[in-house]
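S.K.: below are the sequence and a predicted model for it; my questions follow.
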Amino acid sequence: MFEAIQKLPPDPILGLSSAFEADPNPDKVDLGAGVYKDEAGITPIFKSVKEAERRWEQQESTKVYISPPGFADFNTAIQKLILGADHPALLAGRVRSVMTPGGCGALRVGAELINRCKPGATIWVSKPTWANHVPLLGSAGLKIAEYPYYNGATHSVDFAAMVATLESAARGDLLLVHGCCHNPTGADLNRKQWDAVTELAARKGLVPFVDLAYQGLGDGLDEDAYGPRTLSRALPELLLAYSCSKNFGLYRDRIGALLTVSPTPEQADAGITHINSIARGIYSMPPSHGGALVKTVLNDPALYAQWRGEVDGMRKRIHVLRALLADTLKKLGPSRDFEFIKREFGMFSFLGISKEQVQRLRSEYSIYMVDSSRINVAGVSPKNVEYLAQAIIAVL
Ligand code: LMR
């Protein structure tokens with residue numbers, strides 16, 4: 001069976017982490033996978049999460065299977081975090097969620113659910129989008145269509161082109177949108193644009209599938225949820241894939257959520273039975289540990305306040321690093337404009353350099369970024385910024 005199998009190339013994002021680790025250059029810089037790093041280049045465990053873990057270890061009395069949706073008090077807390085406690089869909093009992101193995105698990109189960117409801121449905125994804133969206137959605141059987149999103153010349157969202165293309169979508173098509181901190185570009189929709197997308201989706205009967213993987217790292221916990229909150233106020237249906245990898249720092253614990261908004265509470269309950277049966281056919285039930293930590297944080301006022309403070313600190317530091325990189329590039333190579341880095345949100349920006357230049361940065365300077373020139377801004381530090389900026393200018 002395996003004699004014909006061919007070796008695959010490394011994953012375009014995760015492969016960078018292994019290559020970086022194997023690189024002996026002491027000056028190496030990792031701007032690859034989207035993980036937060038502190039001043040020392042470490043991805044720390046949140047203090048609030050560590051305390052939740054200590055408490056959970058004392059309290060946990062069994063390792064028996066958990067129910068397919070996961071912990072009920074995780075789900076109620078995460079729904080409020082995403083939509084806000086007073087959201088009309090929540091008050092009307094039309095929202096459900098389940099714990100999933102990371103945001104990827106949520107995307108995959110969501111895609112399978114769509115395919116059960118509408119086999120071979122078309123889902124519109126932004127061009128560009130996160131490298132793993134197409135495999136996750138496509139392998140569930142969905143047809144992928146693209147809408148233009150980012151204009152590399154202006155380093156901003158090409159909203160007119162996005163809307164013009166989506167006008168050609170068919171009633172019932174799915175619309176994948178990044179809730180905040182667009183991956184890979186860092187260019188987000190503003191509130192007026194979210195309102196216009198909501199109007200368009202309502203008028204054309206499109207169903208949004210929101211990927212919310214960076215809540216709190218763009219503009220604030222509530223601010224970053226403006227898009228999904230607005231869409232689900234105006235529309236009868238919405239799916240949302242949530243990740244706790246970045247905003248709880250629980251990357252390897254694999255915890256996320258799939259949230260649905262349905263027209264009625266009865267339809268919401270019916271949807272959950274399908275979500276559970278889909279998960280049963282893939283991984284049976286979610287891992288519990290990450291969910292236990294998240295629910296402990298979210299349901300304890302003091303831990304919640306501490307966690308919010310930690311998320312705020314990360315976000316502010318990323319904005320400082322954006323300014324540091326843009327200003328250092330300006331100082332060392334004033335002919336090229338990198339000011340756009342300051343205007344973008346979340347961990348990522350597109351540098352806008354060629355694949356050859358990205359590869360030279362890797363081979364000559366041990367600077368690692370995705371071939372598209374996506375950088376993880378959180379990998380920049382006061383220690384490496386001059387080296388990094390000099391190298392970028394040298395390859396330009
Ligand atoms: C990224 O985009 O770098 C992260 O979401 C990590 C991943 O799984 O690709």
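M.R.: Thanks, I have the structure now.
S.K.: around the ligand, pick out the residues from the stretch 101-250 of the chain.
M.R.: 130, 132, 183 (Cβ under 6 Å from any ligand atom). Quick note: C-beta positions are derived from backbone N, CA and C, even for glycine.
S.K.: residue of the chain closest to the ligand, please.
M.R.: Proximity of the chain to the ligand (Cβ to the nearest ligand atom) peaks at residue 34, 3.2 Å away.
S.K.: now the closest residue to that residue other than its chain neighbours: phi and psi?
M.R.: Closest residue in space to residue 34, ignoring its immediate chain neighbours: residue 347 at 4.8 Å, by Cβ to Cβ, 6 or more residues apart in numbering. Dihedral pair for residue 347: phi -80, psi -20, per degrees, to the nearest 10.
S.K.: just checking, residue 347 touches residue 214?
M.R.: Yes: Residue 347 lies in contact with residue 214 (Cβ atoms under 8 Å); the separation is 6.9 Å.
S.K.: list residues touching both of these two?
M.R.: Here residue 347 and residue 214 have 181, 183, 246 as joint contacts, going by Cβ atoms under 8 Å, 6 or more residues apart in numbering.
S.K.: burial measure for the closest residue to the second one other than its chain neighbours, as a count.
M.R.: Same thing as residue 183. With sequence-adjacent residues excluded and distances taken as Cβ to Cβ, 6+ apart, residue 183 is closest to residue 130, at 4.5 Å. When counting by other Cβ atoms under 10 Å, one arrives at 22 neighbours for residue 130.
S.K.: surely residue 130 forms part of a strand?
M.R.: No: secondary structure assignment places residue 130 outside any strand; it is coil (DSSP: H, G, I helix; E, B strand; the rest coil).
S.K.: so how far is residue 140 from it?
M.R.: Residue 130 sits 16 Å away from residue 140, going by Cβ to Cβ, to the nearest Å.
S.K.: report the central residue of the chain.
M.R.: Centroid-nearest residue in the chain: residue 213, 2.7 Å away (criterion: Cα atoms, centre = their mean).
S.K.: report pLDDT for that one.
M.R.: With respect to pLDDT, residue 213 has a value of 98.
S.K.: which ones are touching it?
M.R.: 103, 178, 179, 181, 183, 241, 242, 243, 245, 246.
S.K.: of these, grab the buried ones for ChimeraX.
M.R.: Provided next is the ChimeraX selection string for whichever of these are buried by 16 or more other Cβ atoms under 10 Å:
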select :103,178,179,181,183,241,242,243,245,246
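S.K.: how about the contacts of residue 213 in TSV, adding pLDDT and secondary structure?
M.R.: Shown next, in TSV, are the contacts of residue 213 (pLDDT from 0 to 100; DSSP: H, G, I helix; E, B strand; the rest coil):
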residue	pLDDT	secondary structure
103	98	helix
178	98	strand
179	98	coil
181	98	coil
183	97	coil
241	98	strand
242	98	strand
243	98	strand
245	98	coil
246	98	coil
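S.K.: which helix in the protein runs the most residues?
M.R.: helix 301-332 (DSSP state H).
S.K.: and it, how far from the chain's centre?
M.R.: 17 Å (Cα atoms, centre = their mean, to the nearest Å).
S.K.: assign a three-state SS to the closest residue to residue 263 other than its chain neighbours, would you?
M.R.: Nearest non-adjacent residue to residue 263, counting by Cβ to Cβ, 6+ apart: residue 236, 4.3 Å away. Classification of residue 236 by three-state DSSP places it in coil.
S.K.: wait, residue 236 touches residue 267, no?
M.R.: No: using Cβ under 8 Å, residue 236 is not in contact with residue 267, being 9.2 Å away.
S.K.: how much space between the residue nearest to residue 263 and residue 79?
M.R.: The value you get for residue 236 to residue 79, if Cβ to Cβ is used, is 17 Å.
S.K.: could you do residue 181 as well?
M.R.: In terms of Cβ to Cβ, residue 181 sits 21 Å off from residue 79.
S.K.: the helices in the stretch 201-350 of the chain, which residues?
M.R.: For the stretch 201-350 of the chain, the helices defined by DSSP state H, counting those that start in this stretch cover 226-234, 265-282, 289-298, 301-332, 340-343.
S.K.: most tightly packed of those helices?
M.R.: helix 289-298 (a mean of 24; mean count of other Cβ atoms under 10 Å).
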